[in-house]
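*Asks:* Attaching a predicted model along with its sequence, questions to come.
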Amino acid sequence: MNKSIKTVILDFDGTLGDSYNIITKTMMQTIAELKLEYRTPEECAKTIGLPLEECFTSIIPMTDEMGKKCTETYRRIFNENNIPGAVTPFPGVIETLKKLHEKGHTITIASSRSHNSLENFVKELELEEYITYVLGADDTKKAKPDPEPVIKTLSHLGEDSTKTIVVGDTKFDILMGKNAGTYTCGVTYGNGSRKELMDAGADYIIDNFRELTEYI
């Protein structure tokens, strides 16, 4: 157990919330509506963790204008699909956040999702009591794997990167943490593979969110 860790920076999609179905469904509906080249749910899922526009431009050749149109269309359709219960917490998330909170850890979220969307999910999943700070894609100039989301979070909190751990399900989360000088933990139940997390250099890898308390 690493008792030096005080701050926990969490990804949302694929780490806290099971949003695989709503994200891939919305991406595919966006692609269909704009009459772009078909992509499978698996191909769409591999982009989760990237900035929204890049989710589309990374898998389909397109102009910058079309990339922006994909973003606008996706957000509209996502709001239509995002009915109560569409995104649920992964097993063990709420009880583990409660334990970490009770142990005195500062818990935050840094996600490629918009700030408003994150705030809504935190309220819907009843996580407000445990989450101290939320940082979305529109709160930074640079996205994962750039360290800016971590640096901005720690600057706001007045905390040290050497006493911080970043937890996420993709290589983008792990690389962001490593670039910022934090400890990192990959979760295998989300959108990234164990090999991807290992290759990115994760310090710890867990198969269930509850296991996080074994390391911090």
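*Replies:* Nice, thanks for sending it over.

*Asks:* Ile48 bridge partners, please.
*Replies:* On DSSP bridges, the residues paired with Ile48 through beta bridges are Leu50.

*Asks:* shouldn't it be in contact with Asn21?
*Replies:* No: with contact defined as CB atoms under 8 Å, Ile48 does not reach Asn21; the gap is 11.6 Å. The C-beta positions use only the backbone N, C-alpha and C, and glycine is treated the same way.

*Asks:* Tell me which of those two has more neighbours.
*Replies:* More crowded of Ile48 and Asn21, by other CB atoms under 10 Å: Ile48, with 23 against 13.

*Asks:* What pLDDT is listed against the more buried one?
*Replies:* pLDDT, Ile48: 90.

*Asks:* Please report how far it lies from Glu159.
*Replies:* 27 Å (CB to CB, to the nearest Å).

*Asks:* and what of Asp173?
*Replies:* Per CB to CB, Asp173 is found 18 Å from Glu159.

*Asks:* other SSEs contacting the longest helix along the chain?
*Replies:* Assignment by DSSP state H gives helix 64-81 as the longest helix of the chain. Counting contacts by 3 or more CB pairs under 8 Å, 6 or more residues apart in numbering; DSSP states H and E, helix 64-81 packs against helix 20-33, helix 52-57.

*Asks:* Now do the strands in this structure.
*Replies:* Applying DSSP state E to the chain gives strands spanning 7-10, 17-18, 88-89, 106-110, 131-135, 164-168, 183-187, 204-206.

*Asks:* Can I get these in a markdown table including mean neighbour count, distance to Glu72 and mean pLDDT?
*Replies:* Shown next, in a markdown table, are these (neighbours: other CB atoms under 10 Å; distance: least, CB to CB, whole Å; pLDDT from 0 to 100):
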| stretch | mean neighbour count | distance to Glu72 | mean pLDDT |
| --- | --- | --- | --- |
| strand 7-10 | 26 | 28 | 98 |
| strand 17-18 | 22 | 23 | 96 |
| strand 88-89 | 16 | 27 | 95 |
| strand 106-110 | 24 | 24 | 98 |
| strand 131-135 | 19 | 23 | 97 |
| strand 164-168 | 28 | 27 | 98 |
| strand 183-187 | 26 | 31 | 98 |
| strand 204-206 | 18 | 36 | 98 |
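
*Asks:* So the chain: which segments form each domain?
*Replies:* 7-18+87-214, 20-81 (automatic domain parsing).

*Asks:* Can you tell me which of those domains is most buried?
*Replies:* Highest mean neighbour count among the domains of the chain (mean count of other CB atoms under 10 Å): domain 7-18+87-214, with a mean of 20.

*Asks:* Tell me the gap between that one and the middle of its chain.
*Replies:* 6 Å (CA atoms, centre = their mean, to the nearest Å).
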